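A.B. asks: Here's a sequence, model it:
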Amino acid sequence: MATHSVTNQAPAREDLDEYSLDLPLVEGVRRHGAAWAEPELIATGTLVGSAGFQHDAELADVHEPELVAFDRWGHRIDEVEYHPSYHRVIGAAVAAGAHTAAWADPVPGAQVARAAQFLLFAQVEPGHACPVSMTHAVVPALQQFGSAGLQEEWIPRLLSRDYSPALAPGKTSALFGMAMTEKQGGSDVRANRTSAVPAGDGSWILTGHKWFCSAPMSDGFLVLAQAPAGLSCFLVPRVLPDGARNPFLIQRLKDKLGNRANASSEVEFDGTVGRLVGEEGRGVRTIIEMVNQTRLDCMLGTAAGMRQATAEAVWHAQHRAAFGALLVDQPAMTQVLADLAVETEAAITASLRVAAAYEADAPAADEPFRRLATAVLKYWICKRGPGHAYEALECLGGNGYTEAFPLARRYREQPVMAVWEGSGNVIALDVLRAIAREPETADALFAEVRLAEGADARLDAHVADTERLLREAQRDPASAEAQAGARRLTEALAVALQGSLLVRHAPNGVADAFASSRLGGSRGFLYGTAPAAAARAIVARVPPGSRAEPLRAPR
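C.D. replies: Predicted coordinates:
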């Protein structure tokens with residue numbers, strides 16, 4: 001008898017169409033008027049579901065970026081070298097328009113279609129999603145605040161679907177990053193010390209140090225620095241118009257918990273050339289346009305991770321037997337898998353609704369809605385990500401705890417989204433600020449939530465309780481009580497919005513499971529609260545796929 005025969009192990013989950021198998025994503029794309037993009041989304045789903053792309057994702061994470069500060073002759077070059085797999089991944093994302101397709105052709109549904117592209121790529125390899133997201137986010141900031149010269153120079157390059165990793169003059173494409181955080185400031189960007197002085201020719205000279213600068217091989221960056229009139233926003237290119245390298249001294253790469261395929265760095269500016277974006281002294285107002293867009297991508301990136309984790313957990317359970325039955329058929333495991341699926345569906349459904357609020361043809365009421373909903377859901381979805389990843393990892397048992405399977409990588413990845421673009425307290429206090437200074441944002445969010453009024457008594461009760469919390473906070477938002485309760489309010493708003501969307505758009509079993517486990521202040525888990533048949537139906541919405549008989553999304 002063979003001593004090493006392999007039995008009772010799941011086959012590789014690969015060579016699948018990750019778009020068509022993601023029913024909440026398919027339904028959301030169609031619901032928000034982006035069905036025209038499905039041929040491209042199916043092509044991306046097939047690409048990211050392939051064995052080759054998944055292998056590239058693993059290689060990009062294992063072979064981490066390396067800093068090359070000097071060339072062999074001692075010239076300072078400040079470059080980061082990536083494994084070729086990383087370039088293949090990000091090149092594919094750019095070619096598919098996951099960065100700026102929504103701005104290049106802002107037809108109805110363009111933002112949702114781009115969000116779906118981003119989610120599909122981030123589901124398999126999240127590190128490259130950072131520069132892809134920042135490139136998407138800088139376009140509206142430059143369109144709104146950039147001079148005509150800056151727009152003419154940069155926007156055509158940002159909209160290009162070409163990808164080149166080289167720092168070289170004459171490139172027809174560009175990726176972007178941002179640099180706000182400093183050692184002494186963190187989220188308190190007004191404490192920044194980097195200085196900017198006029199050079200006399202319309203440009204500015206920056207001097208200072210940034211504690212976190214993601215994707216340092218990007219072609220340009222939005223940077224905050226102190227000008228004579230106050231904190232201002234500047235566009236800092238890596239390569240100057242004459243072909244010379246702009247001083248951009250990479251001090252070290254950060255040794256991070258996750259997001260290992262993407263380089264994050266400390267950089268020093270020493271005589272670095274920048275161009276003013278927006279008004280001098282209004283830097284926060286300028287860069288917040290970019291931040292709002294990247295907060296949406298934090299939601300999408302976390303939802304993408306939830307989708308990967310849920311799909312891997314369900315796949316394993318459908319192929320692994322224990323105690324005389326497949327894991328997926330055992331009631332205790334069915335409840336866990338259903339809970340993972342419900343959380344994922346809530347995240348995808350809510351993220352796509354917010355993406356739709358950024359459409360060029362979105363109704364006027366969507367502008368205040370997206371202001372508050374982006375912050376509320378960024379907080380909640382990203383906060384749920386790490387726990388969700390752990391539960392999915394545990395479904396795989398010991399396999400899940402090894403680096404050979406993708407869920408260990410995902411477990412390390414999920415916390416970054418809760419930190420990036422404002423950690424929990426920063427976002428919760430921003431919510432408090434929004435409802436106080438812009439009360440129309442709260443009215444718009446409640447108008448959206450109340451579209452489900454009367455459909456579920458549990459949701460109605462939760463909405464009433466949440467509105468009482470909000471009105472109390474609006475009366476004195478500066479009070480210690482309001483600030484101490486900012487997280488509770490943010491969570492209640494997020495769950496109300498997710499609940500309303502699921503009641504209106506998800507199957508009854510999904511909406512009922514969400515209401516029974518997430519509403520009424522429980523913020524808990526589904527385990528044991530859903531009837532067995534309902535839990536099985538929820539899990540069935542995460543179809544495993546088959547290379548022999550590919551599943552098709554419903555029409």
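
A.B. asks: So which residues of the stretch 51-200 of the chain form strands?
C.D. replies: Along the stretch 51-200 of the chain, counting by DSSP state E, counting those that start in this stretch, strands occupy 66-70, 76-81, 176-179, 195-198.

A.B. asks: Go through the ones you listed and name the closest to A494.
C.D. replies: For these, proximity to A494 was assessed by Cβ to Cβ; strand 176-179 is nearest, at 25.4 Å. All C-beta atoms are positioned from the backbone trio N, CA, C, and that covers glycine.

A.B. asks: Mind listing residues that contact that closest one?
C.D. replies: The contact list for strand 176-179 (Cβ atoms under 8 Å, 6 or more residues apart in numbering) reads 131, 134-135, 137-138, 158, 210, 212-216, 218-224, 236, 267, 287, 290.

A.B. asks: for stretch 83-98, same thing?
C.D. replies: 40, 43-44, 47, 53, 55-57, 59-60, 63, 65, 99, 104, 114, 117-118, 120-121, 125, 127-129, 131-132, 136, 161-163, 165, 173, 175, 261.

A.B. asks: One more: stretch 203-212?
C.D. replies: 179-183, 185-186, 192-199, 223, 225, 227, 234, 236, 251, 254, 264-276.

A.B. asks: before we move on, what about stretch 326-341?
C.D. replies: By Cβ under 8 Å, 6+ apart, the list of residues contacting stretch 326-341 reads 306, 309-310, 313-314, 316-323, 388, 391-392, 395, 510, 513, 517, 525-528, 530, 532, 534-536, 538-539, 541-542.

A.B. asks: How far does that stretch sit from its chain's centre?
C.D. replies: The chain centroid and the centroid of stretch 326-341 are separated by 27 Å under Cα atoms, centre = their mean, to the nearest Å.

A.B. asks: Now do R409 against L396, distance only.
C.D. replies: The gap separating R409 from L396 is 13 Å, by Cβ to Cβ, to the nearest Å.

A.B. asks: Check E153 too.
C.D. replies: Distance from E153 to L396, by Cβ to Cβ: 49 Å.

A.B. asks: how about the nearest residue to G400 once chain neighbours are set aside, what does it touch?
C.D. replies: Ranked by Cβ to Cβ, 6 or more residues apart in numbering and with sequence neighbours excluded, the top spatial neighbour of G400 is L393, at 3.9 Å. Residues counted as contacts of L393 (Cβ under 8 Å, 6+ apart) are A309, G400, Y401, L407, A408, R410, Y411.

A.B. asks: which of those residues lies closest to S147?
C.D. replies: R410 (41.6 Å).

A.B. asks: Please, which helix or strand holds the closest one?
C.D. replies: Assessed by DSSP states H and E, R410 sits inside helix 406-413.

A.B. asks: Let me see the residues that make contact with that helix.
C.D. replies: By Cβ under 8 Å, 6+ apart, helix 406-413 touches 54, 57-58, 61, 124, 126, 257-260, 305, 308-309, 312-313, 386, 389-390, 392-393, 396, 400-403.

A.B. asks: go again using 7 Å as the cut-off
C.D. replies: For helix 406-413, the external contacting residues (Cβ atoms under 7 Å, 6 or more residues apart in numbering) are 61, 126, 257-259, 305, 308-309, 312, 389-390, 392-393, 396, 400-402.

A.B. asks: which residue sits closest to G146 in space, ignoring its chain neighbours?
C.D. replies: Nearest-residue entry for G146: V277, 5.4 Å, with adjacent residues in sequence omitted and distances by Cβ to Cβ, 6+ apart.

A.B. asks: Then A215?
C.D. replies: Spatial nearest neighbour of A215, excluding adjacent residues (Cβ to Cβ, 6+ apart): P131 at 3.9 Å.

A.B. asks: distance between the ends of stretch 34-52?
C.D. replies: End-to-end span of stretch 34-52 (Cα to Cα, to the nearest Å): 28 Å.

A.B. asks: I meant stretch 271-290, not that one.
C.D. replies: End-to-end for stretch 271-290, by Cα to Cα: 25 Å.

A.B. asks: contact partners of that stretch?
C.D. replies: Residues contacting stretch 271-290 (Cβ under 7 Å, 6+ apart): 137-138, 140-142, 144-146, 150, 178, 180, 189, 196, 203-206, 222-224, 227, 229-236, 240, 246-248.

A.B. asks: among these, which are in helices?
C.D. replies: Secondary structure from DSSP state H places A137, V138, P140, A141, L142, Q144, F145, L150 of the contacts of stretch 271-290 in helices.

A.B. asks: Would you check how far apart the second one and M178 are?
C.D. replies: So the one you mean is V138. 8 Å.

A.B. asks: joint contacts of the two?
C.D. replies: By Cβ under 7 Å, 6+ apart, V138 and M178 have these common neighbours: L222, M290.

A.B. asks: more neighbours, those two?
C.D. replies: For V138 versus M178, neighbours defined as other Cβ atoms under 10 Å are more numerous around V138 (33 against 27).

A.B. asks: Could you verify my assumption that that one touches L222?
C.D. replies: Yes. Taking contacts as Cβ atoms under 7 Å, V138 lies within contact range of L222: 6.2 Å.

A.B. asks: Just to be sure, C213 is in a helix?
C.D. replies: No. Read with DSSP: H, G, I helix; E, B strand; the rest coil, C213 is strand and lies in no helix.

A.B. asks: Any idea how many residues pack against it?
C.D. replies: 25.

A.B. asks: what's the spacing between it and G149?
C.D. replies: 25 Å.

A.B. asks: Tell me which helix or strand G243 sits in.
C.D. replies: Counting by DSSP H and E, G243 is part of no helix or strand.

A.B. asks: neighbours around it, how many?
C.D. replies: G243 has 9 neighbouring residues, counting by other Cβ under 10 Å.

A.B. asks: Show the contacting residues for it.
C.D. replies: G243 makes contact with P169, according to Cβ under 7 Å, 6+ apart.
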